[in-house]
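Asker: sharing a model prediction with you, sequence too.
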Amino acid sequence: MEEKNMNELLKKAEVLIEALPYIQRFNRKIIVVKYGGSAMVDEELKQHVIQDVTLLKLVGFKPIIVHGGGKEISRWVEKAGMEPEFVNGLRKTDEATMEIAEMVLNKVNKSLVKLVQELGVNAVGISGKDGGMLKVEKKYSNGQDIGYVGEITQVNPQILYDLLEKDFLPIVCPIGMDENYDSYNINADDAACAIARAVHAEKLAFLTDIEGVYKDPKDPSTLISELPISEAKKLIEDGYIGGGMLPKLNNCIDAIENGVSRVHILDGRIAHCLLLEIFTNKGIGTAILGDKETKYYHE
């Protein structure tokens, strides 16, 4: 066999060996994957994400996917001849928009179920309404009414435990009900975070359209690969974190303070980012962790 081919084969073996301690450490552990951004729109990336999650399932993890669908909802709202309305950057959801949002999110949900089934793994798509999983109250934005947008008040994870126990991969779309059983759209980051807390997930991974957390957003070389929450809080206090990253990072801190072991912010536009982050010593995004933890098994 040529030396070049032999080296390539050895490299593959090394990758598998490098993954071994991670596979052992996370066997039978729950990992929540928040799936959104470009990786949901690009068919090839979508395939990669689903392959990654399916592989995690097959090596013994217990993954739960929580997905958004904002871009798709906007597309269908426009198709229906309605103008999407935003208040302080949040979509205003009137009754007609809520109806479309629910239809679109369920459509996205079942398309993800199909992709997982095609890879030979059993998936079940549910929304936060099923089994009373996500209870909400109306969310206000700086005191302004933004319609049927929900703030999660309670998570009942029983249906998730039942599905995991029977070896299904749950795929959750972020819709909940209030005490009057009205339907509310929930921010998918919030839903993923609340679910990860409720099931005491070992990991929560956000697939986004950025590479991770930067010390200086204008300088790609300042990507932070390991971020203890005390440092994350300091970055926020010192004004380094702005825009859409601020609520995300606050969600991450909240998750860790409530029992999630570590949170990963990943660039979903990179093929197989989930596997690279979870199974290799280098990782590729930002891992946010409790102050006493280290992310890698240092040699």
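Answerer: Yep, that arrived. Numbers count the residues shown, from 1 in each chain.
Asker: just checking, residue 137 touches residue 151?
Answerer: Yes: the criterion here is Cβ atoms under 8 Å, and residue 137 meets it with residue 151 at 5.6 Å. Any C-beta I mention is one placed from the backbone N, CA and C, and that applies to glycine too.
Asker: where do the strands sit along the stretch 151-299 of the chain?
Answerer: Under the criterion DSSP state E, counting those that start in this stretch, strands of the stretch 151-299 of the chain are mapped to 169-173, 175-177, 183-185, 203-208, 213-214, 223-224, 226-228, 262-267, 286-289.
Asker: looking at those, spot the one closest to residue 76.
Answerer: strand 183-185 (13.0 Å; Cβ to Cβ).
Asker: show me what the helix or strand where residue 96 lies is packed against.
Answerer: Element membership for residue 96, per DSSP states H and E: helix 95-118. Secondary structure elements in contact with helix 95-118, counted by 3 or more Cβ pairs under 8 Å, 6 or more residues apart in numbering; DSSP states H and E, are helix 43-58, strand 62-67, helix 70-79, strand 123-127, strand 144-155, strand 169-173, strand 175-177, strand 183-185.
Asker: make TSV from the strands of the stretch 151-299 of the chain and add mean pLDDT to it.
Answerer: Shown next, in TSV, are those (pLDDT from 0 to 100):
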stretch	mean pLDDT
strand 169-173	96
strand 175-177	96
strand 183-185	95
strand 203-208	90
strand 213-214	85
strand 223-224	87
strand 226-228	89
strand 262-267	89
strand 286-289	89
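Asker: got JSON lines for those strands, with mean neighbour count too?
Answerer: Converted to JSON lines, the strands of the stretch 151-299 of the chain look like this (neighbours: other Cβ atoms under 10 Å):
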{"stretch": "strand 169-173", "mean neighbour count": "27"}
{"stretch": "strand 175-177", "mean neighbour count": "23"}
{"stretch": "strand 183-185", "mean neighbour count": "25"}
{"stretch": "strand 203-208", "mean neighbour count": "27"}
{"stretch": "strand 213-214", "mean neighbour count": "22"}
{"stretch": "strand 223-224", "mean neighbour count": "17"}
{"stretch": "strand 226-228", "mean neighbour count": "18"}
{"stretch": "strand 262-267", "mean neighbour count": "24"}
{"stretch": "strand 286-289", "mean neighbour count": "25"}
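Asker: go through stretch 231-247 and flag the buried ones.
Answerer: 232, 235-236, 240-241, 245 (16 or more other Cβ atoms under 10 Å).
Asker: next up, the contacts around the closest residue to residue 216 other than its chain neighbours.
Answerer: Spatial nearest neighbour of residue 216, chain neighbours left out: residue 222 (4.6 Å); criterion: Cβ to Cβ, 6 or more residues apart in numbering. For residue 222, the contacting residues are 214-216, by Cβ atoms under 8 Å, 6 or more residues apart in numbering.
Asker: what distance do you get for residue 222 to residue 285?
Answerer: 14 Å (Cβ to Cβ, to the nearest Å).
Asker: what does residue 68 give?
Answerer: Taking Cβ to Cβ, one finds residue 68 at 18 Å from residue 285.
Asker: now do the contacts for the closest residue to residue 106 other than its chain neighbours.
Answerer: In space, and not counting its chain neighbours, residue 106 is closest to residue 173: 6.4 Å by Cβ to Cβ, 6+ apart. Shown in contact with residue 173 (Cβ under 8 Å, 6+ apart): 67, 69, 105-106, 108-109, 125-128.
Asker: again with residue 97
Answerer: Residue 97 neighbours (Cβ under 8 Å, 6+ apart): 73, 77, 82, 84, 91, 147-148.
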